[in-house]
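Asker: quick one, fold the following:
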Amino acid sequence: MEIKLRLVVFIGIVVLTGTAGDICVTRAMKRIGEVTSFRPSVVLPMLFRAFRHATMWLGIALMAVAFFSLLALLSWADASLVVPATALSYVTGAFGAKFILGEKVAPVRWAGVILVCMGVVLLSLS
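Answerer: All right, here's what the predicted structure looks like:
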């Protein structure tokens, strides 16, 4: 029982911090503007502007927490369970995009979110 609780907590950390990191980085990049070219003369100033935003640094820190939590999780749990379970980040990502970033999420994307949820439920039964 204790191992299962630890598994759920670590998957929750990976999913929530990873999604929060994605949302912070998205918010920072939306403020900077669209990347239209990958020439160094365009990318380097864009990176300089990106790293001046606190949300970019917060996003990177949250992504680092998610990554290192995933590494810890994979050190003691089966990858066949962990990797699909962390797909819940697609669910939290869709909700974060809708309610935090204010994006319009199409019905077909919500259908995909439901399918992901169903897959994770199937995993939890194993």
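Asker: quick check, pLDDT for the closest residue to Pro84 other than its chain neighbours.
Answerer: Leaving aside its chain neighbours, Pro84 sits nearest to Leu123 (5.4 Å; criterion: Cβ to Cβ, 6 or more residues apart in numbering). The C-beta positions use only the backbone N, C-alpha and C, and glycine is treated the same way. On pLDDT, Leu123 comes in at 80.
Asker: over to Val113?
Answerer: pLDDT at Val113 comes out at 92.
Asker: just give the number of residues close to it.
Answerer: The local packing of Val113 (other Cβ atoms under 10 Å) involves 17 other residues.
Asker: what do you get for Val105?
Answerer: Counted with other Cβ under 10 Å, residues neighbouring Val105 total 15.
Asker: phi and psi next, for it.
Answerer: phi -100, psi 120 (degrees, to the nearest 10).
Asker: how close does it sit to Leu62?
Answerer: Going from Val105 to Leu62 by Cβ to Cβ, to the nearest Å gives 21 Å.
Asker: ends of stretch 83-94, how far apart?
Answerer: 18 Å (Cα to Cα, to the nearest Å).
Asker: wait, Ala77 sits on Val9?
Answerer: No - contact between Ala77 and Val9 fails when scored by Cβ atoms under 8 Å: they sit 11.6 Å apart.
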